[in-house]
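Peer 1: Provided below are the primary sequence and the corresponding predicted coordinates.
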Amino acid sequence: MKSRSQDQSLSDSRELDRSYDPLTGSIADEEELSTVRYRPKSLDRLVQQTKFNKMELQVLYRGFKNECPSGAVDEDTFKSIYSQFFPQGDSSMYAHFLFDAFDIHNNGLVSFEDLVLSLSIILRGSITDKLNWVFNLYDLNKDGCITREEMTDIMHSIYSMMGKHTYPSLKDAAKDAPKEHVDSFFQKMDKNKDGVVTIDEFLETCQKDENILQSMHMFDNVI
C-alpha cells in the first residue's frame, strides 16, 4: 500500500510532465497532450479562490474541456460557442465585449481559471462584487468611467444579439430603442451631469434600485 507522500510525489511528477490533470485526476493520452496548451491550477486552490465547491468545479471543467481541449479559449472560439445560445441574432459584438471582461490577463485567451473567477462573481458574489464586474464590462476602454459612446455600443450589441425578439420590425421606434436606453441610463446614473458615469455613481444608483438588485440575485446558486 502506497503512503500518502508517495501518492503526492506521483501526483507532483505527473503535473510537472504535463500528463496529469489536477481537476479530473486523470492522465492525458498522447493525442490530448499534443493539443493541451494550458492546464489549470489545483482543485483545492480554485476552491479557495472561488465560491464553488469541488464537485461544481469538476462539472464546469468537464464542460470547458469538452469545448476547449487546449485548456484555453481564444476570442473566435468564444464567439462561436456563445453564438449557439443566441441563434436568432448576431452575438459577435456582445461576445467580444464579454470576452474582454473574462480575459483577466489581457492576453487574448480565457483560461479555465479566468472563466470560473468571473463566474464565481457573477453567480455567487456579493451585490457590490457583481456590480463592479458589470461596470467593468460596460467600461470598454477600462479607464474607470462609462461614456455615452461605450453604452451605445453595448446597447447595440445587445439588440443585435437578441435579434428578432428585440427588433420585431425596422420601424423608427425599434431603431431608436438603443438610444432611448442609453438616455435613460445616463439620466439615472450620471448624477453630476458631466457626461460620464463613474463607478461611485453606478454603485450608488444601482444599490438603491430594487429592480436592478433583484436582477443581480437572479443567477444566485444557479449552478
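Peer 2: Perfect, I can see it now.
Peer 1: drop to CA atoms for contacts and neighbour counts, all remaining ones
Peer 2: Will do.
Peer 1: so where's this structure uncertain?
Peer 2: Along the chain, the parts satisfying pLDDT under 70 run over 1-38, 164-175, 219-223.
Peer 1: please, where are all the helices along it?
Peer 2: Counting by DSSP state H, one finds helices in the chain at the ranges 4-16, 30-35, 43-49, 54-67, 75-83, 92-102, 112-124, 127-138, 148-162, 172-189, 199-206, 210-216.
Peer 1: residues contacting the most centrally placed residue in the chain?
Peer 2: Note on the chain: the residue nearest the mean C-alpha position is residue 102, at 4.5 Å, using C-alpha atoms, centre = their mean. Counting by C-alpha atoms under 8 Å, 6 or more residues apart in numbering, residue 102 touches 110, 114, 115, 118.
Peer 1: got a list of what the second one touches?
Peer 2: Residue 114 makes contact with 102, 103, 104 under the criterion C-alpha under 8 Å, 6+ apart.
Peer 1: ok, those residues vs residue 88, which is closest?
Peer 2: residue 102 (23.8 Å; C-alpha to C-alpha).
Peer 1: report the separation between the closest one and residue 45.
Peer 2: Shown here: residue 102 relative to residue 45, a distance of 19 Å by C-alpha to C-alpha, to the nearest Å.
Peer 1: residue 40 against residue 112, yeah?
Peer 2: Yes. With contact taken as C-alpha atoms under 8 Å, residue 40 and residue 112 are classed as touching, separated by 6.4 Å.
Peer 1: so what sits against both of the two?
Peer 2: Between them, residue 40 and residue 112 have residue 71 as joint contacts when contacts are counted by C-alpha under 8 Å, 6+ apart.
Peer 1: between those two, which one's more packed in?
Peer 2: Set side by side, residue 40 and residue 112 show more neighbours around residue 112, with 21 against 17, by other C-alpha atoms under 10 Å.
Peer 1: and that one, what is it in contact with?
Peer 2: Neighbouring residues of residue 112 by C-alpha under 8 Å, 6+ apart: 40, 61, 64, 71, 72.
Peer 1: one more time with 10 Å, if that's ok
Peer 2: Taking C-alpha atoms under 10 Å, 6 or more residues apart in numbering as the contact definition, residue 112 lies against 38-41, 57, 60-61, 64-65, 68, 71-73.
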